[in-house]
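Engineer: can you look at this prediction? I've put the sequence above it.
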Amino acid sequence: MAKFNFIASLNGEELNKSPLRQLWRHFKSNHVALVGLWLFIALTILATLAPVLAPYGVNQQHSDALLLPPSWDDAGDVRFILGTDDLGRDVLSRLINGTTYTFGLAILTALITTLLGVILGVFAGMSKGVRSSILNHILDVTLSIPSLLLAIIIIALLGPGLLNTVWAIILALLPQYIHSVRNLVVQELSKDYIVAQWLDGANSWHVLSRGIFPNIYEHIVVIFTMSLSTAILDISALGFLKLGAQPPTAEWGAILAENLGFIYLAPWTVALPGILLFFAVLATNLVGDGLRTALKKRKAI
């Protein structure tokens, strides 16, 4: 009997915790997701403090150190830990600064997409009749086009460049975001507690702020991580195709394209930005999967 009371008290304490504390408790129990979170934080710090952390200027050239291998190689130089490129620029400094352009801009892109996607998704979810039907058909058409292809089409209209790349990816990611948020809103609107709020005379803003948003914001965070992963890949892909960041901008995809001709002569100039891209996407996906798993566990309590 005492054991039963102890277990019941533990369950009661768990239920009394705030949703965010419950979510964090389940998230940190997933050690793989926690590693992804630390890696994500490290990349965020790099993106924020890149000019301070980089040992050399992003385009500073060293004419006496062309295509030097990393410092651990016999032909390397300790001044350049990850070697240099064909113009004598420090690879480490360019990769650190590239974190701002690839990872930092991807976060900014995902945040703007989240803001617009939530506003338009809520509007679509709350709409009825002909207006709702038109929005659904537009979403169905745009969702049939892959985000990267849609971004390339938009870049073809706007012209190449890093700023145009950001807007192109935002417009390419919006349909999926609006669709996901709309589905969440529609699911919540069909629940009994929302119907009770309508019957009590609550207005639309009260229902959204007090009823719907407190129950979908965790899902929105998960959708944000998914869109961030896509934004990282799309920014790099457009940079690699020379439609995004233009040389000498130190964006990871642009660095890959710039050094592709030296893949056999200086493979580190291609491999290192590729490895960073892999870890950036991996960290984002691990955090997203960890949040989804934690959310399922919290809902099951």
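Structural biologist: On my side now, so go ahead.

Engineer: residue nearest the middle of the protein, spatially speaking?
Structural biologist: The geometric centre of the chain, computed from its C-alpha atoms, lies nearest to Leu228 (Cα atoms, centre = their mean), at 1.5 Å.

Engineer: that one against Leu105, yeah?
Structural biologist: No: in this structure, Leu228 is not within contact of Leu105 by Cβ atoms under 8 Å, at 10.8 Å. Bear in mind the C-beta positions are built from the backbone N, C-alpha and C, glycine included.

Engineer: for this structure, longest helix please?
Structural biologist: helix 268-300 (DSSP state H).

Engineer: tell me the helices and strands packed up against that one.
Structural biologist: helix 19-28, helix 31-53, helix 91-99, helix 213-240, helix 252-258 (3 or more Cβ pairs under 8 Å, 6 or more residues apart in numbering; DSSP states H and E).

Engineer: among the ones you listed, which is nearest Ala283?
Structural biologist: Among the helices and strands packed on helix 268-300, the nearest to Ala283 by Cβ to Cβ is helix 31-53 (3.9 Å).

Engineer: what's the spacing between that closest one and its chain's center?
Structural biologist: 13 Å (Cα atoms, centre = their mean, to the nearest Å).

Engineer: then it to PDB, C-alphas only?
Structural biologist: Coordinates of each C-alpha in helix 31-53 appear next as PDB, following Å, rounded to 0.1, in the frame of the first residue of the first chain:
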ATOM      1  CA  HIS A  31      21.300  11.100 -24.800                       C
ATOM      2  CA  VAL A  32      21.600  11.100 -28.600                       C
ATOM      3  CA  ALA A  33      19.200  14.100 -28.900                       C
ATOM      4  CA  LEU A  34      21.200  15.800 -26.100                       C
ATOM      5  CA  VAL A  35      24.400  15.500 -28.100                       C
ATOM      6  CA  GLY A  36      22.600  17.000 -31.100                       C
ATOM      7  CA  LEU A  37      21.500  19.900 -28.900                       C
ATOM      8  CA  TRP A  38      25.000  20.600 -27.700                       C
ATOM      9  CA  LEU A  39      26.300  20.500 -31.300                       C
ATOM     10  CA  PHE A  40      23.400  22.800 -32.300                       C
ATOM     11  CA  ILE A  41      24.400  25.300 -29.600                       C
ATOM     12  CA  ALA A  42      28.000  25.100 -30.600                       C
ATOM     13  CA  LEU A  43      27.100  25.900 -34.200                       C
ATOM     14  CA  THR A  44      24.900  28.800 -33.100                       C
ATOM     15  CA  ILE A  45      27.800  30.300 -31.100                       C
ATOM     16  CA  LEU A  46      30.100  29.900 -34.100                       C
ATOM     17  CA  ALA A  47      27.500  31.700 -36.300                       C
ATOM     18  CA  THR A  48      27.100  34.500 -33.800                       C
ATOM     19  CA  LEU A  49      30.800  35.100 -32.900                       C
ATOM     20  CA  ALA A  50      32.400  34.100 -36.200                       C
ATOM     21  CA  PRO A  51      34.400  37.400 -36.800                       C
ATOM     22  CA  VAL A  52      35.800  37.200 -33.300                       C
ATOM     23  CA  LEU A  53      36.700  33.400 -33.300                       C
END
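
Engineer: just the buried residues of that helix, please?
Structural biologist: 33, 36-37, 39-40, 43, 46-47, 50 (16 or more other Cβ atoms under 10 Å).

Engineer: do stretch 195-202 as well
Structural biologist: Quick answer for stretch 195-202 (16+ other Cβ under 10 Å): 197, 202.

Engineer: likewise stretch 54-61?
Structural biologist: Those would be 54, 56, 58, for stretch 54-61 by 16+ other Cβ under 10 Å.

Engineer: any idea how far the last one is from Asp85?
Structural biologist: Which is Val58. Per Cβ to Cβ, to the nearest Å, Val58 is found 12 Å from Asp85.

Engineer: same check on the second one?
Structural biologist: Computed with Cβ to Cβ, the distance linking Tyr56 and Asp85 is 12 Å.

Engineer: one step back: any idea which of the helices and strands packed on helix 268-300 gets closest to Ala156?
Structural biologist: Going by Cβ to Cβ, the one of the helices and strands packed on helix 268-300 nearest Ala156 is helix 213-240, 11.2 Å.

Engineer: how long is stretch 90-106 end to end?
Structural biologist: Stretch 90-106 has an end-to-end distance of 24 Å (Cα to Cα, to the nearest Å).

Engineer: on that earlier part again, enumerate every residue touching the residue nearest to the centre of the chain.
Structural biologist: 106-107, 110, 284 (Cβ atoms under 8 Å, 6 or more residues apart in numbering).

Engineer: perfect, I'm done here.
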